[in-house]
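1. pasting the sequence and the predicted model now:
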Amino acid sequence: MIHESVIVHDSAKIGANVTVGPYSIIGPNVAIGDNCQIGSHTVIEGRTSIGANTKISSFAAIGGAPQHSGYMGEDTSLEIGENNVVREYCTINRGTVEGGSLTSIGDNNFLMAYVHIAHDCHVGSNTIFANAASLAGHVHVGDYAVMGGFSLVHQFCRVGAHCITGIGAVCLLDVPPYMIVAGNKAVTHGINVKGMRRREFTEEDILVLKRAYKTFYRSDFSMKDGLSKLEAMGDNPHLVSLIGFLRSTERGVIR
């Protein structure tokens, strides 16, 4: 199951039924779960754990040192959950001490070729990153977010759950949940109705979020007044989630 040309460090832990293609390198402190598939010419290093049933394609670089000028070789980590797909030439870096020492990725994510996830990022579950979508350091991405090809997210930004970014979107501020954003720099273009229907949101939920979008984005209210208007619209859980995201922003949100 592991090609004879593969280099595996003695301290690495490899689960059952793992396949590793030719000329790959698995370094010390790496832990790979059961039934994983690792392509050829792939490097997995650092204190990196990979959950079961994950598929990593050829030429990926997983668990490398953070691209951070202040990194001095500290022992930091990368944690990848189960059932993920990581395609060719993806790069995922470990965390930094300043950022909490951890980069993490949840379950059931699909990272297409050339995706980059930098140090101290935290990606939820069930996300899709199209080709060459990139996160700078310290970015948080919510569940079911879809990152369009060549999307870029500035460091310390948040990307909310169930949102979608257009091709080449440059996100310099937080992307609120449920929204469609596109452009350089990115602006909002409505809510992600198609995505929410795929995930079986009720029509009532979608209507509430449409009204919230019109209230907050299509009116001339200030941030403070807009939030007050949203809070007066009821206690739908998705509305509450949107309000919580908007209230907790530190960088500001795309409007």
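-> Yep, that arrived.
2. where in the stretch 51-200 of the chain is pLDDT low?
-> For the stretch 51-200 of the chain, no stretch has pLDDT under 70.
3. show me where it has helices.
-> Under the criterion DSSP state H, counting those that start in this stretch, the stretch 51-200 of the chain carries helices at the ranges 193-198.
4. now the helix or strand containing A212, how far from the centre of its chain.
-> For A212, the enclosing helix or strand under DSSP states H and E is helix 203-217. Averaging C-alpha positions (CA atoms, centre = their mean, to the nearest Å) puts helix 203-217 25 Å from its chain's average.
5. ok, and what's touching it?
-> With contacts defined as CB atoms under 8 Å, 6 or more residues apart in numbering, helix 203-217 is touched by 178-179, 188, 190-191, 193, 196-197, 221, 226-227, 229-230, 233-234, 236, 238-239, 242, 246, 255. C-beta here means a position set from N, CA and C on the backbone, and glycine is covered the same way.
6. mind doing that once more with 10 Å?
-> The list of residues contacting helix 203-217 from outside it, by CB atoms under 10 Å, 6 or more residues apart in numbering, reads 162, 176-180, 187-193, 196-197, 201-202, 221, 223, 225-227, 229-230, 232-234, 236-239, 241-243, 246, 253-255.
7. buried ones among those?
-> When neighbours are counted using 16 or more other CB atoms under 10 Å, the contacts of helix 203-217 contain these buried positions: 162, 176-180, 188, 191-192, 196, 201, 226-227, 230, 236, 238-239, 241-243, 246, 253-254.
8. which ones are touching P66?
-> By CB under 10 Å, 6+ apart, the residues touching P66 are 46, 74, 76, 78, 93-99, 101, 103, 118-120, 137.
9. buried ones among those residues?
-> Judged by neighbour count, with 16+ other CB under 10 Å as the criterion, the buried members of the contacts of P66 are 46, 76, 78, 93-96, 99, 101, 103, 118-120, 137.
10. narrow the residues you listed to those in strands?
-> Where the buried ones among the contacts of P66 overlap with strands, as defined by DSSP state E, the overlap consists of L78, N93, T103.
11. from those, pick the one nearest N35.
-> Nearest to N35, judged by CB to CB, of these is L78 at 19.6 Å.
12. thought the closest one was touching A61?
-> No: because the distance of 11.2 Å does not satisfy CB atoms under 10 Å, L78 is recorded as not touching A61.
13. now for these two: what residues contact both?
-> Contact with both L78 and A61 is made by residues I44, E45, I92, N93, according to CB under 10 Å, 6+ apart.
14. any idea which helix or strand comes after the helix holding A212?
-> Going down the chain from helix 203-217, the next helix or strand is helix 223-231, by DSSP H and E.
15. who are the packing partners of that next one?
-> For helix 223-231, the elements it packs on are helix 203-217, helix 237-247, judged by 3 or more CB pairs under 10 Å, 6 or more residues apart in numbering; DSSP states H and E.
16. so which of those helices is nearest M112?
-> Minimum separation from M112 across those (CB to CB) falls at helix 237-247, 26.0 Å.
17. now that closest one against helix 203-217, angle please.
-> Here helix 237-247 runs at 30 degrees with respect to helix 203-217, directions being taken by axes from the mean of the first three to the mean of the last three CA atoms, to 10 degrees.
18. now helix 237-247, how far from the chain's geometric center?
-> 20 Å.
19. which residues sit against it?
-> Contacts to helix 237-247, defined as CB under 10 Å, 6+ apart, come from residues 142, 158, 160-162, 174-179, 191, 196, 201-202, 204-206, 208-209, 211-213, 216, 223, 226-227, 230-231, 233-236, 252-253, 255.
20. from the ones in strands among the buried ones among the contacts of P66, which is closest to V30?
-> Set against V30, the nearest of those by CB to CB is L78 (9.5 Å).
21. if we can go back for a sec, closest one to G27 among the helices and strands packed on helix 223-231?
-> Comparing those under CB to CB, the one sitting nearest is helix 237-247, at 37.5 Å.
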